[in-house]
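Asks: coords below, sequence missing:
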């Protein structure tokens, strides 16, 4: 080497102190999706018991945050493996046979929720190793990597805290049945502790526990195979969205049709040579379906929504290595989910070898299939889905026609009475041709919006008597409400796919018990199966939306510019509201 030659050092691929903050925003949709990564690791390590704890942290009496603790009885790790596991991309699960991906899960999930991670692991109860990751020390330049694990016993204070009920939810009696006794501490396993949590999805303990029922759906096959998962000492039951397995929380559906096997190329088949010499290998995905009991359609909506979680299962459950990735129809066949999709079940088993084709990322946050995959699946699955939808719609129609109905709801009657106190919002043309068009439109509307016990003719008669109508629709991309009218009849639609419905409308409806004497019914699967009373906050909210609808129609009938203004306002308002509600504690 000459004197003029310069020795250049290798620049690190990542600068720890500057990249650690960007790693914190690694795409997890919330606390539960991050915690799922820890559960994945536990299941992959052969655990038969996984315990998740959301431990309240208080300053005096004030609840400040929660620590996340996950304990399992898996194989545990030796110090070298633990050392690697805390490095980004340092995991050892690259064989594509299990539920792990790329080795990013443990550190990424932890720092997405908190600033400090401690991991204890042991293959022998007398030889416990500990490693840690501290975001602030890395940002300050005190550390640029993971220090080698050291022998360190789990603090007795942690063992004592986990040997009694956690916080105030669930209630103590339920926790007492499943609490981890000191003598039951696993002989091998891993303990993950995330502290200084500053990015949690909720502030209170209860929603962390209540929303954890989804673990029962995501890991249902693991649970049915014997894995026990607890959240704050509540045992999570398997939730089968097909309602076929008698060991799951709810069952009673019937298997429908034959399994459908689809061979999916690992790469886009258009990449094949023209002479056919370069053949692209394929792997099979398997779809199966179920049809839910017709009798459930007659049950109270709160039973179907809150107990069976029926309306949370729109679409097909996409499973990779028996772990659910996402519930969707749109992404796999291009069909929008509808209310009818709550009454049939479907799941699609995808082998890990198709990760790239299905767009499964390292943090397993949903799927993003390539266009050719959707094409293959659409051709194979759309006929079955269309048939199921037709059968569900026919059942709903028959049940409506078999029952009595035909009265406006309490809310609609009160809005109509208020209308009498106001000046006309807009002018209704009186010519016969316009009136004939309105009548035809009303009849078509009535066919699509029969309520409980109504025939189309009964629905038409009810609608003719109603100045105001409140209806529901499932539109994933739509605004949280929209307005339409047929002459003097004003229709306000509430979108059950918007966060407004789950986070505002439904909670308000649960605050009071509807008066059975004022029952009006709002159709199968709709939230006004029993109409609210005057004392209900939900009724007041409905009146608010109906009044907005009236004002909007009055302006829309003045000019096209006013109509465009309200359409833009409603769209922007809905987008902003969705963002706000997604971040609501």
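Replies: The structure has been received and is ready for your questions. These numbers were taken from a predicted model, which means no experiment stands behind them. Residues are numbered from 1 along each chain as shown.
Asks: can I assume residue 205 is in contact with residue 58?
Replies: No - using Cβ atoms under 8 Å, residue 205 makes no contact with residue 58, being 11.2 Å away. Any C-beta I mention is one placed from the backbone N, CA and C, and that applies to glycine too.
Asks: The two: who's more crowded?
Replies: residue 205 (19 against 10; other Cβ atoms under 10 Å).
Asks: Let me know the average pLDDT across the longest helix along the chain.
Replies: Longest helix in the chain by number of residues (criterion: DSSP state H): helix 371-402. Here helix 371-402 scores 89 as its mean pLDDT.
Asks: What residues of that helix count as buried?
Replies: Buried positions in helix 371-402, judged by neighbour count with 16 or more other Cβ atoms under 10 Å: 372-373, 376-377, 380-381, 384-385, 388-389, 391-392, 395-396, 399-400.
Asks: Please apply the same query to stretch 64-84.
Replies: Buried residues in stretch 64-84 (16+ other Cβ under 10 Å): 65-77, 79, 81-84.
Asks: likewise stretch 577-585?
Replies: Quick answer for stretch 577-585 (16+ other Cβ under 10 Å): 577, 581.
Asks: coming back round to it: which strands or helices does the longest helix of the chain pack on?
Replies: strand 254-265, strand 282-291, helix 330-333, strand 344-350 (3 or more Cβ pairs under 8 Å, 6 or more residues apart in numbering; DSSP states H and E).
Asks: Which elements pack onto whatever helix or strand comes next after that helix?
Replies: The helix or strand immediately downstream of helix 371-402 is helix 410-419, counting by DSSP states H and E. The helices and strands touching helix 410-419, judged by 3+ Cβ pairs under 8 Å, 6+ apart, are strand 468-473, helix 537-556.
Asks: Any idea which of the ones you listed gets closest to residue 157?
Replies: Among the helices and strands packed on helix 410-419, helix 537-556 comes nearest to residue 157, with 44.1 Å by Cβ to Cβ.
Asks: okay, the angle between that closest one and strand 468-473?
Replies: Per axes from the mean of the first three to the mean of the last three Cα atoms, to 10 degrees, the angle that helix 537-556 makes with strand 468-473 is 100 degrees.
Asks: continuing past helix 537-556, what's the next helix or strand?
Replies: Defined by DSSP H and E, the subsequent element after helix 537-556 is helix 560-582.
Asks: What are the buried residues along that following helix?
Replies: Applying 16+ other Cβ under 10 Å to helix 560-582 flags 566, 570, 574, 577, 581 as buried.
Asks: May I have the residues that are in contact with the second one?
Replies: Right, the one you point to is residue 570. Taking Cβ atoms under 8 Å, 6 or more residues apart in numbering, we find residue 570 in contact with 479, 481, 482.
Asks: Equivalent analysis for the fourth one, please.
Replies: Residues counted as contacts of residue 577 (Cβ under 8 Å, 6+ apart) are 480, 498, 499, 500.
Asks: Now the second one. Nearest residue, chain neighbours left out?
Replies: If I follow you right, that is residue 498. Distances taken as Cβ to Cβ, 6 or more residues apart in numbering place residue 480 nearest to residue 498, at 4.0 Å, with adjacent residues excluded.
Asks: Now do the one you found against residue 223, distance only.
Replies: Noted for residue 480: a distance of 35 Å to residue 223, by Cβ to Cβ, to the nearest Å.
Asks: one step back: JSON lines for the helices and strands packed on helix 371-402, including distance to residue 190, mean pLDDT and mean neighbour count?
Replies: Listed next are the helices and strands packed on helix 371-402 as JSON lines, based on distance: least, Cβ to Cβ, whole Å; pLDDT from 0 to 100; neighbours: other Cβ atoms under 10 Å:
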{"stretch": "strand 254-265", "distance to residue 190": "35", "mean pLDDT": "96", "mean neighbour count": "15"}
{"stretch": "strand 282-291", "distance to residue 190": "32", "mean pLDDT": "97", "mean neighbour count": "19"}
{"stretch": "helix 330-333", "distance to residue 190": "33", "mean pLDDT": "94", "mean neighbour count": "20"}
{"stretch": "strand 344-350", "distance to residue 190": "28", "mean pLDDT": "96", "mean neighbour count": "23"}
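Asks: residues in contact with the closest residue to residue 24 other than its chain neighbours?
Replies: Nearest non-adjacent residue to residue 24, counting by Cβ to Cβ, 6+ apart: residue 111, 5.0 Å away. Residues in contact with residue 111 (Cβ under 8 Å, 6+ apart) are 20, 23, 24, 117, 133, 135.
Asks: where does residue 111 land on pLDDT?
Replies: For residue 111, pLDDT reads 92.
Asks: Now do the helix or strand encompassing residue 508, average pLDDT.
Replies: Here residue 508, judged by DSSP H and E, is contained in helix 506-509. In this model, helix 506-509 has an average pLDDT of 81.
Asks: Okay, buried residues for it please.
Replies: For helix 506-509, the buried set under the neighbour-count rule, 16+ other Cβ under 10 Å, comprises 506, 508, 509.
Asks: circling back: let's have the contacts of residue 570 in TSV, adding pLDDT.
Replies: TSV is the format used below for the contacts of residue 570 (pLDDT from 0 to 100):
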residue	pLDDT
479	93
481	93
482	92
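Asks: Show me those that map onto strands.
Replies: Those of the contacts of residue 570 mapping onto strands are 481, 482, per DSSP state E.
Asks: Most neighbours among the contacts of residue 570, please name it.
Replies: Top of those by neighbour count (other Cβ under 10 Å): residue 481, with 23 neighbours.
Asks: give the contact list for that residue.
Replies: By Cβ under 8 Å, 6+ apart, the contact list for residue 481 reads 492, 493, 494, 495, 500, 545, 548, 549, 570, 574.
Asks: and the helix holding residue 508, what does it pack onto?
Replies: Using 3+ Cβ pairs under 8 Å, 6+ apart: helix 506-509 touches helix 537-556.
Asks: what is the rounded mean pLDDT of the helix it packs on?
Replies: The average pLDDT for helix 537-556 rounds to 89.
Asks: Can you spell out which helices and strands pack onto that helix?
Replies: Here helix 537-556 touches helix 410-419, strand 468-473, strand 481-486, strand 489-495, helix 506-509, helix 560-582, going by 3+ Cβ pairs under 8 Å, 6+ apart.
Asks: Recalculate using a threshold of 6 Å.
Replies: Secondary-structure packing of helix 537-556 (3 or more Cβ pairs under 6 Å, 6 or more residues apart in numbering; DSSP states H and E): helix 410-419, strand 481-486, strand 489-495, helix 506-509, helix 560-582.
Asks: Return the member of those having the minimum mean pLDDT.
Replies: When I compare these, helix 506-509 is least confident, with a mean of 81.
Asks: What are the contacting residues of that one?
Replies: By Cβ atoms under 6 Å, 6 or more residues apart in numbering, the residues outside helix 506-509 that reach it are 537, 538, 541.
Asks: rewinding a little: okay, the helices and strands packed on helix 410-419, which one's buried deepest?
Replies: Stretch with highest mean neighbour count among the helices and strands packed on helix 410-419: strand 468-473 (a mean of 22; mean count of other Cβ atoms under 10 Å).
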